[in-house]
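Q: The following block contains a protein sequence and its predicted model.
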Amino acid sequence: MKIGIDFGTTNTSVALVDEAGRVQVLPIDAAANSPTSMRTMLYIERDGDIHIGADAIHTYYAQNVGRVPRLTKQWVGEIEIVITEGGTVVLDAFTDVDADMPGRLLHSLKTPLASDYAGTTIFGKYYSLEALIAEFLRRVKARVVALTQREIDAVVFGRPVNFVGAANDADNQRAQARLADAARQAGFNNISFELEPIAAGLSYGDKTNASQSILVFDFGGGTLDVAIIRIAADGTQTVVATGGIGIAGDHFDQAVVRRALSPWFGQQVRWGPQRLALPAHMLGALGDWQDIQALATPPTLAFLAQAQRDCNDPMRLFALEDLIAKGYAYGLYERVERAKVALSRQRWTCVAYEAGEIALWQPLTRPQFESFIAHERRLIREMLLQTLERAGLPASAIDYVVRTGGSSSIPCFIELLTELFGPDRIVEQDLFTGVAAGLAIRAARG
């Protein structure tokens, strides 16, 4: 059996071509709202049990939300400090750890592949990045085998045109090699890769027999990838040009938190006799829910307790303390994602979240949201024009623009595509499974 796997930053899907030549996207996560799209989440419990997808999220919530951490000092090694010319002193180094933490939730496993990030220690066991990805993929593989009752002979993985943080082709090749290593550790053999926008083009081309030029606009949670493809009448496809940028849905969630929600957590609070603002690193951490959790250290919590006693708005700092210390950060980001999705259907919504001392109700309009991501929109427009230039084609030569990926439904990007290519040329591919379907077609063709 040959399969395609779209291992995404936010979601993962698996597809195959059956004996009748039909593409089947497999329901790999029965507990999810959409079983064919699994959240790319990994939760590792203290006792070593590992959960993925919806099960990872549910277990994390059950074990962590509302729990107050018990912080203790843990020895992490020795550091050597130069004290005089030619003289050094060796000191023990300690860090604060949550002694009762029941498990650790990890997401965006794909994002660090092009970076120098090597791995992390979880409950005394070191995991390389490749090993963490392998833990996720191993369980995906087991679900596929259980669903199909067949062994996997070959697999085609999708990859972005440019991995997040990749500065050149060498970075992209290194990231692909790391993903291949993870796949081998997970038990996959006969591994190959296809660019994600080209896979989406294969899926689209499988449904048409017309000669045409298309631009695939694959916009997910981690990256935006585009490909200009020429489809011949016999179905043969020729890739004319590709482009990509490390901007996507996760960045937009972070922008909402930083720009609209940070006042709820002390951005405008002034404390002490000099009426100082909160430390920049504390407010900066609001841009990523895992960075928020990392603030749960005795010095940070002691600072908040001091600031709460002499500030102009202690309730905001009570809310910040609970956000940091009681596991509410991921829940906040889930509410933001829901609001972002709602703004694709309506002109305004609100981010509402109540937990512990947090009582947040923030109206959010589509124009506000679009102002938060205006810079990214300009960068994306430039990337599209540069891709057309590399192809040697004017926008008028593109017959259809094929949208896929959840972020491609954001109205301001649909408007951007309409501005460049015209309203009658924009078509929607299966948003969350189109790439996996194309990878399955590539796998079946060998």
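A: Received the coordinates, thanks. Residues are numbered from 1 along each chain as shown.

Q: From here on, just use CA atoms for contacts and neighbour counts.
A: OK.

Q: In terms of helices and strands, where is the nearest residue to residue 145 once chain neighbours are set aside?
A: Spatial nearest neighbour of residue 145, chain neighbours left out: residue 151 (6.0 Å); criterion: CA to CA, 6 or more residues apart in numbering. Under the assignment given by DSSP states H and E, residue 151 is not contained in any helix or strand.

Q: For the helix or strand containing residue 401, name the packing helices and strands.
A: Assigned by DSSP H and E, residue 401 belongs to strand 400-404. With contacts taken as 3 or more CA pairs under 8 Å, 6 or more residues apart in numbering; DSSP states H and E, strand 400-404 sits against helix 196-205, strand 212-219, strand 426-428.

Q: can you list contacts of the first one?
A: Read that as helix 196-205. With contacts defined as CA atoms under 8 Å, 6 or more residues apart in numbering, helix 196-205 is touched by 6, 158-161, 214, 216-218, 225-227, 229, 231, 235, 237, 239, 402, 404, 429, 434-439, 441-442.

Q: how about the spatially closest residue to residue 323 that is not a sequence neighbour, what does it touch?
A: Excluding its sequence neighbours, the residue lying closest to residue 323 (CA to CA, 6+ apart) is residue 329, at 5.6 Å. Contact analysis of residue 329 by CA under 8 Å, 6+ apart lists 289-290, 292-293, 323.

Q: Secondary structure and neighbour count added to those residues, as JSON lines?
A: Output for the contacts of residue 329, formatted as JSON lines (DSSP: H, G, I helix; E, B strand; the rest coil; neighbours: other CA atoms under 10 Å):
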{"residue": "289", "secondary structure": "helix", "neighbour count": "21"}
{"residue": "290", "secondary structure": "helix", "neighbour count": "17"}
{"residue": "292", "secondary structure": "helix", "neighbour count": "22"}
{"residue": "293", "secondary structure": "helix", "neighbour count": "19"}
{"residue": "323", "secondary structure": "helix", "neighbour count": "27"}
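
Q: Now flag whichever of the residues you listed is closest to residue 335.
A: Minimum distance to residue 335 across the contacts of residue 329 is 12.1 Å, recorded for residue 289 (CA to CA).

Q: That closest one and residue 330 touch, don't they?
A: Yes: with contact defined as CA atoms under 8 Å, residue 289 reaches residue 330; the gap is 5.7 Å.

Q: pLDDT weak spots in the chain?
A: Within the chain, the ranges that satisfy pLDDT under 70 run 71-97.

Q: Quickly list the domain ranges of it.
A: Here the domain assignment for the chain is 2-67+106-196+440-445, 69-101, based on automatic domain parsing.

Q: Just the endpoints, please. Distance across the first one?
A: Distance between the boundary residues of domain 2-67+106-196+440-445 (CA to CA, to the nearest Å) amounts to 9 Å.

Q: Show residues contacting stretch 305-318.
A: Outside of stretch 305-318, the residues within contact range by CA under 8 Å, 6+ apart are 263-266, 269-273, 275, 304, 357-358.

Q: actually stretch 266-277, sorry about that
A: With contacts defined as CA under 8 Å, 6+ apart, stretch 266-277 is touched by 278, 283, 307-308, 310-313, 316-317, 320.
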